[in-house]
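**Q** here is my input; please provide its structure:
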Amino acid sequence: MNPKRDPNEPMLAARRRALLVGAAGVAAGGAAALHLRPGPAAAGSGLGACATELVQHPSVAVTQALTTDGSGHYWFGPGTARYPGGGLAMVVAPYLASDYFGQPHWSTSADGACTWVAPTPIAAFASTSLATGVEERYIGVLPSFHAPTSTMLLAGTATAYNVPGGSLNASYPRRIAYAVRAAGGVWSSKQYLAWATPGPTGLAYTSMLQRLTESDGNILLPVQFTTNYIGASTVYSSTTLLCSFDGTTLTVLSEGAPVTLTTGRGLFEPSLAKLDGTYYMTLRAAQTSASSGRAYLSTSSDGLSWSAPAVWTWDDGTPLNTRDTQAHFLTRTSGLYLLYTRLSTFNSGVVRWRLPIYMAQVDTTTNQLIRRTEQVVMPMMSTDTASYSGNFSVASNSDDEFFVADAPFAGDGKGTFVSRLNW
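**A** Residues are numbered from 1 along each chain as shown. Modelled structure (predicted):
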């Protein structure tokens with residue numbers, strides 16, 4: 001890869017629109033190595049191709065129901081999952097202000113992310129009054145299909161806000177909330193995960209964090225937590241909770257070892273993957289300056305006992321230059337891939353460098369990223385290099401077809417977008 005020219009350099013608006021409407025994707029020097037191909041859904045996937053056979057496709061356009069109240073708020077943080085029959089589910093919420101969101105909504109696609117039904121509010125996650133001028137809202141809700149019970153489990157973080165205004169209220173620490181959608185489309189009420197470790201002065205968080213369903217039906221849930229919340233100086237740890245799930249109730253069975261740092265503010269927002277019997281956890285550190293961003297990796301043989309965290313590096317030993325934002329995994333039977341954001345030649349004005357989204361294969365022998373495999377899987381959606389984007393998600397339809405969802409909003413690139421990746 002030529003370091004002087006990023007393959008996703010800003011282009012004219014007309015060319016950018018052409019990319020979104022009719023291009024097959026943007027490679028970064030590793031398409032041949034990854035064997036990604038654009039176009040129709042993978043053979044046997046049960047999904048038809050989009051009319052223009054895109055790798056990425058606008059899933060919810062700016063003109064289609066992007067607010068809950070007609071006030072112009074954009075959808076934020078799309079969480080995606082496969083549901084029975086080969087379709088896709090997506091949970092989105094209106095962006096109201098920084099770290100302040102409206103009620104989570106539910107949408108589905110039956111044609112490989114080409115078209116989506118209009119999002120509808122999830123009643124279980126309607127805001128709850130905690131006290132006069134204080135509401136609990138539910139952020140980063142991520143769905144996942146639980147095959148043993150034929151249900152969709154939705155889990156996120158219950159967060160207290162002062163209203164109006166939307167500032168955080170630390171008197172009510174964050175906790176994990178979940179709801180269930182049964183096979184017939186019937187929704188449960190909201191529940192809270194019973195987990196004692198954070199205690200009365202701590203908090204727990206699981207927004208947009210990739211979890212795993214084990215072969216016995218148990219769920220390995222990644223969480224960020226602290227036992228002593230003190231505001232901006234709080235030091236966090238991350239771990240896993242092994243939970244049983246009967247289609248109704250999520251119950252903690254075992255708690256993993258904490259993963260953190262001895263300096264700074266600890267480690268945040270873990271996401272999980274499993275390949276060939278090894279568990280992988282990717283995490284981020286707090287950002288203390290524009291040049292200090294690092295992402296970390298921890299591994300485990302049982303999903304509970306975790307190795308000391310190590311900085312994600314390239315196969316030449318140089319660290320991945322990222323910021324304080326999430327990374328996620330894409331897992332195939334033949335390999336493990338990390339999806340992440342990093343500093344490029346043109347995105348320094350993007351909040352936390354959250355676009356474009358890159359992907360690179362993990363060398364599971366050295367646990368390093370293979371630089372020659374890097375490519376863009378979600379390009380910048382706007383010629384405005386000061387665009388804003390939230391957390392993204394990854395969903396698999398088969399071993400040969402995956403979806404990446406993100407929701408940038410700036411300039412001419414507003415909307416919720418889904419990239420479809422085919423091998």
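**Q** which residues in the stretch 1-150 of the chain form strands?
**A** 56-60, 75-83, 87-97, 100-101, 105-109, 120-121, 128-131, 134-146 (DSSP state E, counting those that start in this stretch).
**Q** of these, which is nearest Gly415?
**A** Smallest distance to Gly415 across the strands of the stretch 1-150 of the chain (Cβ to Cβ): 5.5 Å, for strand 56-60. The C-beta positions use only the backbone N, C-alpha and C, and glycine is treated the same way.
**Q** average pLDDT for the closest one?
**A** In this model, strand 56-60 carries a mean pLDDT of 31.
**Q** go on, stretch 274-288?
**A** 91.
**Q** can you give me the buried ones in that stretch?
**A** Neighbour-count burial for stretch 274-288 flags 274-275, 279-287 (criterion: 16 or more other Cβ atoms under 10 Å).
**Q** give me the below-cutoff pLDDT ranges for the stretch 201-350 of the chain.
**A** 287-293 (pLDDT under 70).
**Q** residue boundaries of the strands in it?
**A** Taking DSSP E, counting those that start in this stretch as the criterion, the stretch 201-350 of the chain carries its strands at 203-205, 212-213, 219-226, 237-245, 250-255, 267-275, 278-285, 295-300, 310-311, 328-332, 335-340.
**Q** got TSV for these, with distance to Leu421 too?
**A** Putting the strands of the stretch 201-350 of the chain into TSV (distance: least, Cβ to Cβ, whole Å) gives the following:
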stretch	distance to Leu421
strand 203-205	28
strand 212-213	20
strand 219-226	23
strand 237-245	27
strand 250-255	30
strand 267-275	16
strand 278-285	18
strand 295-300	21
strand 310-311	26
strand 328-332	8
strand 335-340	10
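**Q** list phi and psi for Leu343.
**A** Torsion angles at Leu343 (phi, psi; degrees, to the nearest 10) stand at phi -70, psi 130.
**Q** next up, the contacts around it.
**A** Contact analysis of Leu343 by Cβ atoms under 8 Å, 6 or more residues apart in numbering lists 321-323, 353.
**Q** out of those residues, which end up buried?
**A** Counted by 16+ other Cβ under 10 Å, the contacts of Leu343 give 322-323, 353 as buried.
**Q** how about these in CSV, adding distance to Gln103?
**A** Formatted as CSV, those follow (distance: Cβ to Cβ, whole Å):
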residue, distance to Gln103
Thr322, 31
Arg323, 29
Trp353, 29
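**Q** which ones among those residues lie within helices?
**A** Judged by DSSP state H, the subset of the buried ones among the contacts of Leu343 located in helices is empty.
**Q** residue at max distance from the center of the protein?
**A** Thr132 (32.7 Å; Cα atoms, centre = their mean).
**Q** so what's the spatially most central residue of the chain up against?
**A** Residue closest to the mean C-alpha point of the chain, counted by Cα atoms, centre = their mean, is Ser393 at 3.2 Å. For Ser393, the contacting residues are 77-80, 142, 208, 328, 404-405, by Cβ under 8 Å, 6+ apart.
**Q** kindly recompute the last result at 7 Å.
**A** 78-80, 142, 208, 328, 405 (Cβ atoms under 7 Å, 6 or more residues apart in numbering).
**Q** check Gly266 too.
**A** 235-237, 260.
**Q** 8 Å - rerun?
**A** Counting by Cβ under 8 Å, 6+ apart, Gly266 touches 226, 235-238, 260, 285-286.
**Q** what do you get for Ser107?
**A** 60, 89-92, 116-120.
**Q** one more pass at 6 Å, please.
**A** Remark: with contacts taken as Cβ atoms under 6 Å, 6 or more residues apart in numbering, Ser107 is in contact with 90, 116-117, 119.
**Q** next: Thr157.
**A** So Thr157 contacts 139-140, 174, 205, 207 (Cβ under 6 Å, 6+ apart).
**Q** cutoff 7 Å now
**A** So Thr157 contacts 139-140, 174, 176, 205-207 (Cβ under 7 Å, 6+ apart).
**Q** how far does stretch 353-373 stretch from start to finish?
**A** 20 Å (Cα to Cα, to the nearest Å).
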